[in-house]
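> I would like to see how this sequence folds:
(2 chains)
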Amino acid sequence: MASLLRMLVAQTLSELRIRWRTPAFSATNLALPVLFFTFFGLPFARQTFPNGISVGAYLLASFAAYAVGSVMVYGFGIGVAVERGMKVDLLMRATPLPPGIAILAKVLNALAFSLLSVVVLIVYGIIVGGVRQDLTVWINIVVRLLAGSLPFIALGFAIGYSSGPNAAPALANLIYLPLAFASGLFMPLRQLPDFVQRIAPYLPTYHYGQLAWSAVGAPSEPLTTSLAWLAGYTLLFMALTMRAYRREQSLKFA
Amino acid sequence: MNPAVELVEVSKRYGQVEALRSVSLAIQPGEIVAMLGPNGAGKTTSISLMLGLRKPTGGQVRLFGLPPTDHRARSRAGVMLQESGTTGVLTVRELITLFGTYYPSPLPADRAIVMAGLADKADARVVTLSGGQRQRLYFALAICGDPEILFLDEPTVGMDIEARRAFVASIKHLADAGKTIVFTTHYLREAEELARRIVVVDRGLIIADATPRELMSKVAAKRVSFSVARALTADAFGGLAVTGLEASDGRVRFLTNEPEAVLRALFERGVEMRDLEVAGADLEEAFLSLTRRAESA
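All right, here's what the predicted structure looks like:
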């Protein structure tokens, strides 16, 4: 059997190459968080909340969470659906490449791209928005968001396995955008309607946002509570993925 | 020696459809085997089972003595499927190099590229390839791991004449190098040209398993028809080597391998015929005669 590490490296590099050559996807995912921050964040970037926390840092943390979540949900959701549509999975299944290696390569690639996306956003916020924080704060945001992205990877897979290549982008939008809005990732929660504020604490994006907000000193939930919610959503989305995956397997490969 | 591939009483059912009915088949290392049959005969199902892409409803499938899903078995097999896709934005060389990493001792990518006749397209992105070039790419992906056994499902579909010729040469080259090759086709001529053993599949059963020469002698190669003034009795054909005999509207039709001998016998028996026609049977008819034989046996 060929070396698993060699397979993983080659597979990951290929995935990166594919993403790099699909600018419609990668440029959109890089540009949107920056654009959103420009519209929703820049005007307030130099202000501070009454509790002394930088509004700019808070909003950068919000859009960083949005950015990583969207790389995962759209990347896996659309990517998996498109590959299934082209029957890439059929050929790959007949090769000795273990499926776990293929998935791990996709995850590594998504993490690398998320990292790039967040770094671009933060550098933009620092240079254009004049937001100032210790380097450790920025690093903290990045590490927490990457480490906590599992539920969104699972959500992406669930979308990718339960919809076709045409439906997947719409479904991803339909699920992810309302989640992000209602959780205060686009504007602080207290500016949103009352009923949204009551729903938010049940949403995965809200608890994901907590990881970033606590890094800038502005959490509204204990970190352990948010981690528990995120773990729960990971299990839920994985279960949905497994159901869709099994249904497809029984059709294609039984 | 252990067989490279072994099916033991394998059945496969899709809902109500019986795609394979208790099929047993052993392919030895170094054999070049054509699976021949009309569409829907069970050829693709057989290949899918040998690769572990499908699970048998009954019976056992072994690849190098292992379950076909085992990585050790897969590492020794190269595959070309009828319906599969690949990422379009990588170049031919990049994709072949990538697939090479899945195997323990791959061919140099450029070697696989040349063998598949893609040298002038090596740096082209996959999405720009024509149908025939794409088929060559899949062939390159099948051989890039330098596998001991190759499974090729309808490999020449979509290839133009030149590509087909190059492909045939590559297959012969691989055969000479001692590779085991299993391919499906519905062209009798292709099976005859490449294979040393032809397995004819029809409606989920193996109805013939022979060398090309043996098979050609079994297959009814000519279709004979003529008109008669008076209806013939069945014993007019007693003892003659014909199959698929039918008569309607005063016209008699049958398949045979020995049209001269059969017609001579009919003349001697006093059969008066008009509008005699003798034509080469097409594959469907050839299968028909084999199938009838299988049913009457």
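> so which helix or strand takes in the closest residue to chain A within the stretch 151-297 of chain B?
Going by C-beta to the nearest C-beta, chain A is nearest to residue B:151 of the stretch 151-297 of chain B, at 8.0 Å. The C-beta positions use only the backbone N, C-alpha and C, and glycine is treated the same way. Here residue B:151 sits within strand B:149-153, counting by DSSP states H and E.
> what's the average pLDDT for that strand?
Here strand B:149-153 scores 93 as its mean pLDDT.
> elements contacting whatever helix or strand comes next after it?
Next helix or strand after strand B:149-153 toward the C-terminus (DSSP H and E): helix B:161-176. Where contact means 3 or more C-beta pairs under 8 Å, 6 or more residues apart in numbering or on different chains; DSSP states H and E, helix B:161-176 is packed against helix B:131-143, strand B:180-185, helix B:188-194.
> strand partners (parallel or antiparallel) of the second one?
To tie it back to what came earlier, the one meant is strand B:180-185. Strand B:180-185 sits in its sheet next to strand B:32-36 (parallel), strand B:149-153 (parallel), going by DSSP bridges.
> can you lay out those as TSV showing distance to residue B:215?
Shown next, in TSV, are these (distance: least, C-beta to C-beta, whole Å):
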stretch	distance to residue B:215
strand B:32-36	8
strand B:149-153	20
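> mind putting those into CSV with distance to residue B:24 and mean neighbour count?
Formatted as CSV, the strands paired with strand B:180-185 follow (distance: least, C-beta to C-beta, whole Å; neighbours: other C-beta atoms under 10 Å in any protein chain shown):
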stretch, distance to residue B:24, mean neighbour count
strand B:32-36, 14, 26
strand B:149-153, 18, 24
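> right, and the ones you listed - which one's nearest residue B:68?
Among the strands paired with strand B:180-185, strand B:149-153 comes nearest to residue B:68, with 10.0 Å by C-beta to C-beta.
> keeping just the C-alphas, turn the closest one into CSV.
Only the C-alpha atoms of strand B:149-153 are listed here, as CSV (Å, rounded to 0.1, in the frame of the first residue of the first chain):
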residue,chain,number,x,y,z
ILE,B,149,-5.0,-6.1,-13.2
LEU,B,150,-7.0,-3.7,-15.3
PHE,B,151,-10.7,-3.4,-15.4
LEU,B,152,-12.0,-1.5,-18.4
ASP,B,153,-15.7,-1.0,-18.8
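> interface residues of chain A facing chain B?
A:1-2, A:6-7, A:10-11, A:14, A:17-18, A:21-22, A:83, A:86-88, A:90-91, A:93-98, A:253-254 (C-beta under 8 Å from any C-beta of the partner chain).
> can we see that at 7 Å?
A:1-2, A:6-7, A:10, A:14, A:17-18, A:21-22, A:86-88, A:90-91, A:93-98, A:253-254 (C-beta under 7 Å from any C-beta of the partner chain).
> any stretches of the stretch 1-150 of chain B with poor pLDDT?
For the stretch 1-150 of chain B, applying pLDDT under 70 flags the ranges B:1.
> what's residue B:125 sitting at in phi/psi?
phi -70, psi 150 (degrees, to the nearest 10).
> so how far is chain A from it?
8 Å (C-beta to the nearest C-beta, to the nearest Å).
> can you tell me the closest non-neighbouring residue to that residue?
Spatially, and ignoring its direct neighbours in sequence, residue B:125 is nearest to residue B:91 (5.5 Å; C-beta to C-beta, 6 or more residues apart in numbering or on different chains).
> run a quick neighbour tally on that neighbour.
17 (other C-beta atoms under 10 Å in any protein chain shown).
> just to check, it is in contact with residue B:124?
Yes: counting by C-beta atoms under 7 Å, residue B:91 touches residue B:124, with 6.2 Å between them.
> contacts only, for residue B:77.
Applying C-beta atoms under 7 Å, 6 or more residues apart in numbering or on different chains to residue B:77 gives the contacts B:63, B:147, B:149, B:151.
> which phi and psi does residue B:66 have?
Dihedral pair for residue B:66: phi -120, psi 160, per degrees, to the nearest 10.
> surely it meets residue B:73?
Yes: Residue B:66 lies in contact with residue B:73 (C-beta under 7 Å); the separation is 4.2 Å.
> okay, the two: which has more neighbours?
residue B:73 (21 against 14).
> contacting residues for the more buried one?
Residue B:73 makes contacts with B:63-64, B:66, as judged by C-beta under 7 Å, 6+ apart.
> what is the nearest of the residues you listed to residue B:108?
Each of the contacts of residue B:73 was scored against residue B:108 by C-beta to C-beta, and residue B:64 proved nearest at 24.6 Å.
> return the distance of the strand holding residue B:151 from the chain's centre.
11 Å (C-alpha atoms, centre = their mean, to the nearest Å).
> and the contacts of that strand?
Against strand B:149-153 from outside (C-beta under 7 Å, 6+ apart): B:4, B:44, B:47, B:50-51, B:76-82, B:142-143, B:174, B:179-184.
> mind listing the residues bridging to residue B:185?
Bridge pairing for residue B:185 - DSSP bridges - gives residue B:36.
> read off the pLDDT value for it.
At residue B:185, pLDDT is 85.
> my read: it touches residue B:36, true?
Yes: taking contacts as C-beta under 7 Å, residue B:185 lies within contact range of residue B:36: 6.0 Å.
> list residues touching both of these two?
Common neighbours of residue B:185 and residue B:36 (criterion: C-beta under 7 Å, 6+ apart): residue B:191.
> export the helices and strands packed on helix B:161-176 to TSV and tack on mean neighbour count and distance to residue A:246?
TSV is the format used below for the helices and strands packed on helix B:161-176 (neighbours: other C-beta atoms under 10 Å in any protein chain shown; distance: least, C-beta to C-beta, whole Å):
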stretch	mean neighbour count	distance to residue A:246
helix B:131-143	22	28
strand B:180-185	24	29
helix B:188-194	18	38
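> check contacts around whatever residue of the stretch 101-250 of chain A ends up closest to chain B.
When distances are taken as C-beta to the nearest C-beta, the stretch 101-250 of chain A reaches nearest to chain B at residue A:101, 9.0 Å away. Applying C-beta under 7 Å, 6+ apart, we find residue A:101 in contact with A:4, A:7-8, A:11.
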